[in-house]
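> structure, please.
(2 chains)
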Amino acid sequence: MSVTSAHSAPHSDTAAIQSATIETRDWLIAAAAAIVALIALYAVFMDNGSLISATGDYLHEFAHDGRHLFGAPCH
Amino acid sequence: MPTSPNSPNSPTAPRTSSDPSPDPSPDPSPDSSSTLSPDSSSDPPGESPKSPETTEASAAPEAADTSRTTHAPTRTGGSPVLPLLGRGMVAGALGGLAAGLFSLLLAEPLMDKAIRAEEARSHEHEPAGGAVQHHEELFSRSTQHAGLVIALVVAGLAIGVLFAVAYALVHRRDPRGNPWPRALAFCAAAFCAVSLFPALRYPAAPPGVGDAGTVGDRQEMWLGAVVIGVLGMFLVWQVYVRLAARPVPVRQCAVAVTAVAVLALLWALPDNPDPVPVSATLLWDFRMLSLASHVLLWAVFAGVFGGLGLRALRTREPVTSGAAGYGSTAPVS
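Okay, here's the model as predicted:
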(Lines give C-alpha, C1' and ligand atoms only; values in the text may rest on other atoms or scores of the structure.)
Protein backbone atom coordinates (compact mmCIF):
# COMPACT_ATOMS: atom_id res chain seq x y z
CA MET A 1 0.00 0.00 0.00
CA SER A 2 2.57 2.50 -1.12
CA VAL A 3 1.72 6.14 -0.82
CA THR A 4 4.50 7.46 -2.99
CA SER A 5 2.34 7.75 -6.09
CA ALA A 6 0.34 10.38 -4.29
CA HIS A 7 3.06 12.79 -5.36
CA SER A 8 1.97 12.39 -8.95
CA ALA A 9 -0.69 14.39 -10.70
CA PRO A 10 -3.91 14.89 -8.78
CA HIS A 11 -6.11 13.66 -11.57
CA SER A 12 -5.04 10.06 -11.47
CA ASP A 13 -7.62 7.43 -10.72
CA THR A 14 -5.09 5.35 -8.87
CA ALA A 15 -4.85 8.03 -6.24
CA ALA A 16 -8.59 7.88 -5.73
CA ILE A 17 -8.60 4.10 -5.56
CA GLN A 18 -5.69 4.15 -3.20
CA SER A 19 -7.42 6.66 -1.02
CA ALA A 20 -10.53 4.50 -0.88
CA THR A 21 -8.45 1.47 -0.01
CA ILE A 22 -6.68 3.30 2.76
CA GLU A 23 -10.00 4.54 4.05
CA THR A 24 -11.41 1.02 4.12
CA ARG A 25 -8.35 -0.22 5.94
CA ASP A 26 -8.61 2.60 8.46
CA TRP A 27 -12.22 1.79 9.22
CA LEU A 28 -11.38 -1.91 9.63
CA ILE A 29 -8.67 -1.00 12.13
CA ALA A 30 -11.13 1.23 13.92
CA ALA A 31 -13.71 -1.54 14.05
CA ALA A 32 -11.15 -3.95 15.48
CA ALA A 33 -10.15 -1.37 18.07
CA ALA A 34 -13.79 -0.85 19.00
CA ILE A 35 -14.26 -4.58 19.55
CA VAL A 36 -11.18 -4.71 21.76
CA ALA A 37 -12.52 -1.70 23.65
CA LEU A 38 -15.86 -3.41 24.24
CA ILE A 39 -14.10 -6.50 25.56
CA ALA A 40 -12.03 -4.32 27.88
CA LEU A 41 -15.13 -2.58 29.18
CA TYR A 42 -16.77 -5.94 29.75
CA ALA A 43 -13.74 -7.14 31.65
CA VAL A 44 -13.64 -4.07 33.86
CA PHE A 45 -17.32 -3.49 34.50
CA MET A 46 -19.26 -6.66 33.81
CA ASP A 47 -17.08 -9.66 34.48
CA ASN A 48 -18.06 -11.92 37.35
CA GLY A 49 -15.41 -14.51 36.86
CA SER A 50 -16.69 -15.81 33.58
CA LEU A 51 -14.58 -13.99 31.02
CA ILE A 52 -11.55 -16.18 31.42
CA SER A 53 -12.15 -19.08 33.72
CA ALA A 54 -8.60 -19.09 34.98
CA THR A 55 -8.92 -15.59 36.33
CA GLY A 56 -11.78 -16.50 38.61
CA ASP A 57 -12.91 -13.45 40.45
CA TYR A 58 -9.56 -11.76 40.15
CA LEU A 59 -10.59 -9.31 37.45
CA HIS A 60 -13.74 -8.47 39.30
CA GLU A 61 -12.00 -7.99 42.62
CA PHE A 62 -9.12 -6.01 41.19
CA ALA A 63 -11.50 -3.57 39.51
CA HIS A 64 -13.88 -3.75 42.47
CA ASP A 65 -13.54 -0.17 43.67
CA GLY A 66 -13.60 1.16 40.13
CA ARG A 67 -16.84 -0.65 39.47
CA HIS A 68 -18.50 0.75 42.55
CA LEU A 69 -17.29 4.24 41.78
CA PHE A 70 -18.32 4.14 38.17
CA GLY A 71 -21.78 2.95 39.12
CA ALA A 72 -21.41 -0.51 37.62
CA PRO A 73 -23.29 -3.24 39.48
CA CYS A 74 -21.16 -5.12 41.95
CA HIS A 75 -21.84 -7.52 44.73
CA MET B 1 -26.01 30.15 -3.88
CA PRO B 2 -24.32 27.07 -5.14
CA THR B 3 -25.93 24.21 -3.31
CA SER B 4 -23.91 21.26 -4.35
CA PRO B 5 -20.39 20.45 -5.33
CA ASN B 6 -20.02 21.02 -8.99
CA SER B 7 -17.98 17.97 -9.62
CA PRO B 8 -16.05 15.47 -7.60
CA ASN B 9 -12.81 17.04 -8.71
CA SER B 10 -13.67 20.59 -7.98
CA PRO B 11 -11.42 21.58 -5.12
CA THR B 12 -13.40 24.67 -4.26
CA ALA B 13 -16.91 23.31 -4.19
CA PRO B 14 -18.44 24.67 -1.01
CA ARG B 15 -20.35 22.36 1.24
CA THR B 16 -24.07 22.57 0.93
CA SER B 17 -26.05 24.27 3.61
CA SER B 18 -27.99 21.05 4.15
CA ASP B 19 -24.93 19.26 5.30
CA PRO B 20 -26.07 17.38 8.38
CA SER B 21 -23.87 18.44 11.19
CA PRO B 22 -24.80 18.40 14.86
CA ASP B 23 -22.14 20.95 15.39
CA PRO B 24 -23.58 24.36 16.12
CA SER B 25 -20.45 26.18 15.12
CA PRO B 26 -20.00 27.80 11.79
CA ASP B 27 -16.56 27.33 10.46
CA PRO B 28 -14.54 30.46 10.25
CA SER B 29 -13.89 30.95 6.59
CA PRO B 30 -11.69 33.93 5.99
CA ASP B 31 -11.45 33.09 2.36
CA SER B 32 -13.47 33.36 -0.75
CA SER B 33 -16.20 30.94 0.20
CA SER B 34 -18.25 33.65 1.85
CA THR B 35 -18.42 35.57 -1.34
CA LEU B 36 -19.92 32.59 -3.06
CA SER B 37 -22.88 32.59 -0.75
CA PRO B 38 -24.05 36.08 0.09
CA ASP B 39 -27.19 34.75 1.75
CA SER B 40 -25.30 32.79 4.33
CA SER B 41 -26.25 35.20 7.09
CA SER B 42 -29.79 33.91 7.00
CA ASP B 43 -28.73 30.39 7.70
CA PRO B 44 -29.28 29.02 11.18
CA PRO B 45 -26.18 28.34 13.25
CA GLY B 46 -24.24 25.39 12.07
CA GLU B 47 -25.55 25.69 8.55
CA SER B 48 -23.26 28.25 7.12
CA PRO B 49 -21.16 27.08 4.22
CA LYS B 50 -18.11 25.20 5.16
CA SER B 51 -14.66 26.01 4.08
CA PRO B 52 -13.82 24.88 0.61
CA GLU B 53 -13.41 21.20 0.76
CA THR B 54 -11.13 19.28 -1.40
CA THR B 55 -11.95 15.82 -2.47
CA GLU B 56 -9.72 13.24 -1.05
CA ALA B 57 -8.18 12.41 -4.37
CA SER B 58 -7.17 15.96 -5.09
CA ALA B 59 -6.18 16.59 -1.51
CA ALA B 60 -3.74 13.74 -1.52
CA PRO B 61 -0.78 15.38 -3.24
CA GLU B 62 -0.62 18.42 -1.04
CA ALA B 63 -1.28 16.36 2.05
CA ALA B 64 1.64 14.17 1.19
CA ASP B 65 3.86 17.21 0.98
CA THR B 66 2.73 19.27 3.89
CA SER B 67 1.27 17.06 6.52
CA ARG B 68 3.69 16.09 9.20
CA THR B 69 1.47 15.47 12.12
CA THR B 70 2.39 13.83 15.35
CA HIS B 71 0.22 10.89 14.39
CA ALA B 72 2.11 8.19 12.74
CA PRO B 73 2.01 7.65 9.04
CA THR B 74 1.54 10.63 6.83
CA ARG B 75 -2.04 10.76 5.78
CA THR B 76 -2.68 10.85 2.09
CA GLY B 77 -6.41 10.78 1.98
CA GLY B 78 -8.32 7.97 3.55
CA SER B 79 -10.40 8.69 6.55
CA PRO B 80 -9.26 10.66 9.57
CA VAL B 81 -10.44 7.91 11.86
CA LEU B 82 -6.99 6.72 12.91
CA PRO B 83 -5.72 10.09 14.12
CA LEU B 84 -9.04 10.44 15.95
CA LEU B 85 -8.47 7.04 17.49
CA GLY B 86 -5.11 8.17 18.78
CA ARG B 87 -6.58 11.35 20.22
CA GLY B 88 -9.41 9.39 21.82
CA MET B 89 -7.00 7.02 23.52
CA VAL B 90 -4.79 9.80 24.84
CA ALA B 91 -7.81 11.76 26.04
CA GLY B 92 -9.40 8.66 27.54
CA ALA B 93 -6.27 7.63 29.39
CA LEU B 94 -5.78 11.12 30.83
CA GLY B 95 -9.47 11.45 31.69
CA GLY B 96 -9.47 8.06 33.37
CA LEU B 97 -6.28 8.92 35.23
CA ALA B 98 -7.73 12.20 36.46
CA ALA B 99 -10.93 10.52 37.59
CA GLY B 100 -8.95 7.69 39.17
CA LEU B 101 -6.64 9.95 41.16
CA PHE B 102 -9.56 12.14 42.20
CA SER B 103 -11.42 9.11 43.51
CA LEU B 104 -8.33 7.67 45.09
CA LEU B 105 -8.01 10.80 47.18
CA LEU B 106 -11.66 11.51 47.95
CA ALA B 107 -13.77 8.41 47.38
CA GLU B 108 -11.51 5.69 48.71
CA PRO B 109 -11.78 6.84 52.34
CA LEU B 110 -15.54 6.58 51.94
CA MET B 111 -15.30 3.14 50.38
CA ASP B 112 -13.02 1.90 53.16
CA LYS B 113 -15.49 3.26 55.67
CA ALA B 114 -18.36 1.54 53.88
CA ILE B 115 -16.50 -1.76 53.89
CA ARG B 116 -15.75 -1.48 57.59
CA ALA B 117 -19.43 -0.79 58.21
CA GLU B 118 -20.36 -3.77 56.10
CA GLU B 119 -18.03 -6.02 58.05
CA ALA B 120 -19.50 -4.76 61.29
CA ARG B 121 -22.99 -5.57 60.02
CA SER B 122 -21.88 -9.03 58.99
CA HIS B 123 -20.41 -9.71 62.39
CA GLU B 124 -23.66 -8.73 64.02
CA HIS B 125 -25.54 -11.21 61.93
CA GLU B 126 -23.01 -14.01 62.14
CA PRO B 127 -21.76 -13.98 65.68
CA ALA B 128 -20.78 -17.66 65.57
CA GLY B 129 -17.18 -16.82 64.81
CA GLY B 130 -17.54 -17.88 61.20
CA ALA B 131 -15.09 -15.98 59.13
CA VAL B 132 -16.93 -13.39 57.15
CA GLN B 133 -16.40 -14.15 53.53
CA HIS B 134 -16.15 -10.83 51.92
CA HIS B 135 -14.48 -9.87 48.73
CA GLU B 136 -11.33 -8.54 50.31
CA GLU B 137 -9.87 -11.98 50.46
CA LEU B 138 -8.38 -11.98 46.98
CA PHE B 139 -6.72 -8.61 47.15
CA SER B 140 -5.77 -6.30 49.95
CA ARG B 141 -7.51 -2.98 50.15
CA SER B 142 -4.37 -1.20 49.00
CA THR B 143 -4.26 -3.36 45.90
CA GLN B 144 -7.86 -2.54 45.25
CA HIS B 145 -7.01 1.15 45.65
CA ALA B 146 -4.50 0.77 42.84
CA GLY B 147 -7.02 -1.30 40.95
CA LEU B 148 -9.41 1.62 41.05
CA VAL B 149 -7.01 3.87 39.19
CA ILE B 150 -6.01 1.17 36.73
CA ALA B 151 -9.61 0.18 36.08
CA LEU B 152 -10.55 3.76 35.35
CA VAL B 153 -7.57 4.27 33.04
CA VAL B 154 -8.43 1.10 31.12
CA ALA B 155 -12.07 2.14 30.97
CA GLY B 156 -11.00 5.59 29.81
CA LEU B 157 -8.90 4.10 27.03
CA ALA B 158 -11.77 1.90 25.88
CA ILE B 159 -14.25 4.76 26.08
CA GLY B 160 -11.82 6.90 24.11
CA VAL B 161 -11.68 4.34 21.32
CA LEU B 162 -15.45 4.03 21.10
CA PHE B 163 -15.84 7.79 21.35
CA ALA B 164 -13.38 8.35 18.50
CA VAL B 165 -15.11 5.86 16.23
CA ALA B 166 -18.51 7.42 16.91
CA TYR B 167 -17.08 10.91 16.43
CA ALA B 168 -15.50 9.89 13.13
CA LEU B 169 -18.76 8.35 11.94
CA VAL B 170 -20.83 11.37 12.86
CA HIS B 171 -18.44 13.84 11.26
CA ARG B 172 -17.31 11.73 8.32
CA ARG B 173 -19.05 13.91 5.77
CA ASP B 174 -17.39 17.03 7.05
CA PRO B 175 -14.16 16.06 8.76
CA ARG B 176 -12.71 19.56 8.79
CA GLY B 177 -14.96 21.42 11.16
CA ASN B 178 -13.67 23.21 14.20
CA PRO B 179 -12.62 20.37 16.53
CA TRP B 180 -12.98 22.31 19.76
CA PRO B 181 -16.75 22.97 19.89
CA ARG B 182 -17.29 19.58 18.31
CA ALA B 183 -15.36 17.86 21.05
CA LEU B 184 -17.24 19.77 23.74
CA ALA B 185 -20.64 19.04 22.24
CA PHE B 186 -19.83 15.39 21.64
CA CYS B 187 -18.46 14.94 25.14
CA ALA B 188 -21.53 16.57 26.65
CA ALA B 189 -23.72 14.14 24.72
CA ALA B 190 -21.55 11.18 25.68
CA PHE B 191 -21.57 12.24 29.33
CA CYS B 192 -25.37 12.28 29.30
CA ALA B 193 -25.57 8.98 27.43
CA VAL B 194 -23.18 6.81 29.41
CA SER B 195 -22.70 8.64 32.69
CA LEU B 196 -25.49 10.97 33.74
CA PHE B 197 -28.60 9.17 32.52
CA PRO B 198 -27.65 5.70 33.79
CA ALA B 199 -26.48 7.26 37.06
CA LEU B 200 -29.81 9.00 37.55
CA ARG B 201 -31.67 5.74 37.07
CA TYR B 202 -29.25 3.47 38.91
CA PRO B 203 -27.14 5.64 41.19
CA ALA B 204 -23.77 4.29 42.25
CA ALA B 205 -23.74 2.25 45.42
CA PRO B 206 -20.82 2.05 47.84
CA PRO B 207 -19.23 -1.30 48.70
CA GLY B 208 -21.45 -3.28 51.00
CA VAL B 209 -24.52 -2.45 48.99
CA GLY B 210 -25.40 -5.03 46.41
CA ASP B 211 -26.55 -8.60 46.67
CA ALA B 212 -24.36 -11.12 44.86
CA GLY B 213 -27.52 -12.99 43.98
CA THR B 214 -28.98 -10.12 41.99
CA VAL B 215 -25.82 -8.93 40.29
CA GLY B 216 -26.76 -10.53 36.97
CA ASP B 217 -30.15 -8.82 36.90
CA ARG B 218 -28.65 -5.53 37.95
CA GLN B 219 -26.05 -5.76 35.21
CA GLU B 220 -28.74 -6.25 32.62
CA MET B 221 -30.65 -3.25 33.94
CA TRP B 222 -27.54 -1.09 34.02
CA LEU B 223 -26.59 -2.14 30.52
CA GLY B 224 -30.14 -1.39 29.43
CA ALA B 225 -29.83 2.09 30.89
CA VAL B 226 -26.55 2.71 29.06
CA VAL B 227 -28.02 1.44 25.79
CA ILE B 228 -31.10 3.63 26.21
CA GLY B 229 -28.81 6.55 26.98
CA VAL B 230 -26.67 6.03 23.89
CA LEU B 231 -29.56 5.38 21.51
CA GLY B 232 -31.43 8.26 23.09
CA MET B 233 -28.61 10.70 22.48
CA PHE B 234 -28.43 9.43 18.92
CA LEU B 235 -32.13 10.22 18.62
CA VAL B 236 -31.55 13.68 20.06
CA TRP B 237 -28.83 14.28 17.50
CA GLN B 238 -31.12 13.13 14.69
CA VAL B 239 -33.86 15.47 15.87
CA TYR B 240 -31.36 18.32 15.89
CA VAL B 241 -30.13 17.49 12.39
CA ARG B 242 -33.49 16.90 10.81
CA LEU B 243 -35.02 20.08 12.12
CA ALA B 244 -32.21 22.12 10.59
CA ALA B 245 -34.63 24.19 8.53
CA ARG B 246 -36.79 25.15 11.51
CA PRO B 247 -36.30 28.21 13.68
CA VAL B 248 -33.70 27.83 16.39
CA PRO B 249 -36.18 27.91 19.31
CA VAL B 250 -38.25 25.14 17.73
CA ARG B 251 -35.16 23.11 17.17
CA GLN B 252 -33.81 23.54 20.67
CA CYS B 253 -37.14 22.85 22.31
CA ALA B 254 -37.53 19.67 20.27
CA VAL B 255 -34.08 18.57 21.37
CA ALA B 256 -34.89 19.25 25.01
CA VAL B 257 -38.22 17.41 24.82
CA THR B 258 -36.52 14.42 23.20
CA ALA B 259 -33.84 14.33 25.88
CA VAL B 260 -36.44 14.45 28.64
CA ALA B 261 -38.43 11.68 26.95
CA VAL B 262 -35.31 9.52 26.83
CA LEU B 263 -34.71 10.19 30.49
CA ALA B 264 -38.31 9.26 31.31
CA LEU B 265 -37.99 6.08 29.30
CA LEU B 266 -35.29 4.93 31.69
CA TRP B 267 -37.97 4.47 34.33
CA ALA B 268 -39.53 1.76 32.21
CA LEU B 269 -36.65 -0.36 33.48
CA PRO B 270 -37.22 -2.24 36.73
CA ASP B 271 -36.07 -0.75 39.99
CA ASN B 272 -32.85 -1.81 41.65
CA PRO B 273 -34.00 -4.67 43.91
CA ASP B 274 -31.28 -4.38 46.52
CA PRO B 275 -31.71 -2.83 49.96
CA VAL B 276 -29.33 -0.01 50.82
CA PRO B 277 -28.28 -0.56 54.43
CA VAL B 278 -25.89 2.36 54.76
CA SER B 279 -26.31 5.79 56.19
CA ALA B 280 -27.88 8.41 53.99
CA THR B 281 -24.90 10.70 54.45
CA LEU B 282 -22.42 8.14 53.25
CA LEU B 283 -24.66 7.21 50.35
CA TRP B 284 -25.12 10.80 49.24
CA ASP B 285 -21.43 11.60 49.55
CA PHE B 286 -20.48 8.50 47.62
CA ARG B 287 -22.94 9.19 44.83
CA MET B 288 -21.82 12.80 44.54
CA LEU B 289 -18.19 11.69 44.34
CA SER B 290 -19.11 9.08 41.76
CA LEU B 291 -20.86 11.64 39.63
CA ALA B 292 -18.01 14.10 40.14
CA SER B 293 -15.50 11.57 38.89
CA HIS B 294 -17.65 10.99 35.82
CA VAL B 295 -17.77 14.73 35.21
CA LEU B 296 -14.03 14.99 35.69
CA LEU B 297 -13.38 12.15 33.27
CA TRP B 298 -15.47 13.76 30.56
CA ALA B 299 -14.21 17.26 31.19
CA VAL B 300 -10.58 16.20 30.89
CA PHE B 301 -11.50 14.05 27.93
CA ALA B 302 -13.18 16.95 26.13
CA GLY B 303 -10.31 19.31 26.77
CA VAL B 304 -7.62 16.88 25.63
CA PHE B 305 -9.56 15.57 22.63
CA GLY B 306 -10.48 19.04 21.43
CA GLY B 307 -7.05 20.43 22.15
CA LEU B 308 -5.29 17.66 20.25
CA GLY B 309 -7.70 18.26 17.39
CA LEU B 310 -6.77 21.93 17.30
CA ARG B 311 -3.09 21.11 17.44
CA ALA B 312 -3.35 18.61 14.60
CA LEU B 313 -5.22 21.20 12.59
CA ARG B 314 -2.54 23.82 13.12
CA THR B 315 0.21 21.38 12.30
CA ARG B 316 -1.40 19.99 9.22
CA GLU B 317 -3.10 22.97 7.71
CA PRO B 318 -1.16 26.17 7.72
CA VAL B 319 -2.65 29.55 7.08
CA THR B 320 -3.70 28.89 3.52
CA SER B 321 -6.55 26.54 4.23
CA GLY B 322 -8.89 28.89 5.99
CA ALA B 323 -8.28 27.23 9.30
CA ALA B 324 -5.99 29.91 10.64
CA GLY B 325 -8.29 31.09 13.36
CA TYR B 326 -9.06 27.73 14.89
CA GLY B 327 -6.46 27.82 17.56
CA SER B 328 -7.41 31.01 19.27
CA THR B 329 -10.36 33.01 18.14
CA ALA B 330 -12.68 30.52 16.52
CA PRO B 331 -16.26 31.53 17.20
CA VAL B 332 -18.16 28.80 18.95
CA SER B 333 -21.76 29.72 18.35
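> flag the shaky bits of the stretch 101-250 of chain B, pLDDT-wise.
Applying pLDDT under 70 to the stretch 101-250 of chain B flags the ranges B:125-137.
> which single residue of it ends up nearest chain A?
Nearest residue of the stretch 101-250 of chain B to chain A: B:Ala151, at 3.0 Å (CB to the nearest CB). Where C-beta positions appear, they are placed from N, C-alpha and C, glycine not excepted.
> backbone phi and psi for that residue, please?
Main-chain torsions, B:Ala151, degrees, to the nearest 10: phi -60, psi -40.
> got the contact list for the nearest residue to it once chain neighbours are set aside?
Among residues not flanking B:Ala151 along the chain, A:Gly66 sits closest, at 3.0 Å (CB to CB, 6 or more residues apart in numbering or on different chains). By CB atoms under 8 Å, 6 or more residues apart in numbering or on different chains, the contact set of A:Gly66 is A:44, B:100, B:147-152, B:155.
> in which helix or strand does A:Gly66 reside?
helix A:64-70 (DSSP states H and E).
> same deal with B:Pro273?
B:Pro273 belongs to no helix or strand, assigned by DSSP H and E.
> can I assume it is in contact with B:Gly216?
No: when contacts are counted by CB atoms under 8 Å, B:Pro273 is not listed as touching B:Gly216 (11.4 Å).
> tell me what the helix or strand of chain A with the lowest mean pLDDT is packed against?
Ranked by mean pLDDT, DSSP states H and E, the weakest helix or strand in chain A is helix A:58-62, scoring a mean of 86. Judged by 3 or more CB pairs under 8 Å, 6 or more residues apart in numbering or on different chains; DSSP states H and E, helix A:58-62 is in contact with helix B:141-170.
> buried sites along the helix it packs on?
B:144-145, B:147-168, B:170 (16 or more other CB atoms under 10 Å in any protein chain shown).
> isn't B:Pro80 up against B:Ala168?
Yes: proximity of B:Pro80 to B:Ala168 meets the contact threshold set by CB under 8 Å, at 6.6 Å.
> now for those two: what residues contact both?
B:Pro175.
> got a list of what the spatially most central residue of chain A touches?
Residue closest to the mean C-alpha point of chain A, counted by CA atoms, centre = their mean, is A:Ala33 at 1.8 Å. Neighbour list for A:Ala33: B:85, B:161, B:165 [criterion: CB under 8 Å, 6+ apart].
> list phi and psi for it.
When quoted as degrees, to the nearest 10, the phi and psi of A:Ala33 stand at phi -60, psi -40.
> now do it, the pLDDT please.
A:Ala33 carries a pLDDT value of 96.
> before we move on, the earlier item: doesn't A:Val44 make contact with the residue of the stretch 101-250 of chain B closest to chain A?
Yes: with contacts counted by CB under 8 Å, B:Ala151 reaches A:Val44, the gap being 5.1 Å.
> residues shared between the contacts of those two?
When contacts are counted by CB under 8 Å, 6+ apart, B:Ala151 and A:Val44 have A:63, A:66-67 as shared neighbours.
> identify, from those residues, the entry nearest to chain B.
Closest to chain B, out of all of the shared contacts of B:Ala151 and A:Val44 and judged by CB to the nearest CB, is A:Gly66, at 3.0 Å.
> ok, the top helix by length along chain B near chain A or not?
Criterion DSSP state H: the longest helix present in chain B is helix B:81-125. Yes: counting by CB under 8 Å from any CB of the partner chain, chain A has neighbours in helix B:81-125: B:81-82, B:85, B:100, B:103, B:107-108, B:111.
> relative to helix B:141-170, how tilted is that helix?
Here the directions of helix B:81-125 and helix B:141-170 differ by 140 degrees (axes from the mean of the first three to the mean of the last three CA atoms, to 10 degrees).
> quick check: nearest residue in space to B:Arg121, chain neighbours excluded?
Closest to B:Arg121 by CB to CB, 6+ apart is B:Pro277, at 6.6 Å.
> which SS state does that neighbour fall under?
coil (DSSP: H, G, I helix; E, B strand; the rest coil).
> same check on B:Pro207?
Going by three-state DSSP: B:Pro207 is coil.
> my read: it touches A:His64, true?
Yes: under the criterion of CB under 8 Å, B:Pro207 makes contact with A:His64 at 7.3 Å.
> joint contacts of these two?
Joint contacts of B:Pro207 and A:His64 (CB under 8 Å, 6+ apart) are A:Cys74.
> check residue 17 and give its pLDDT.
Here I'm looking at chain A. 88.
> you looked at the wrong chain, it should be chain B
So, for B:Ser17, pLDDT stands at 41.
> check B:Val304 too.
Reported pLDDT for B:Val304: 98.
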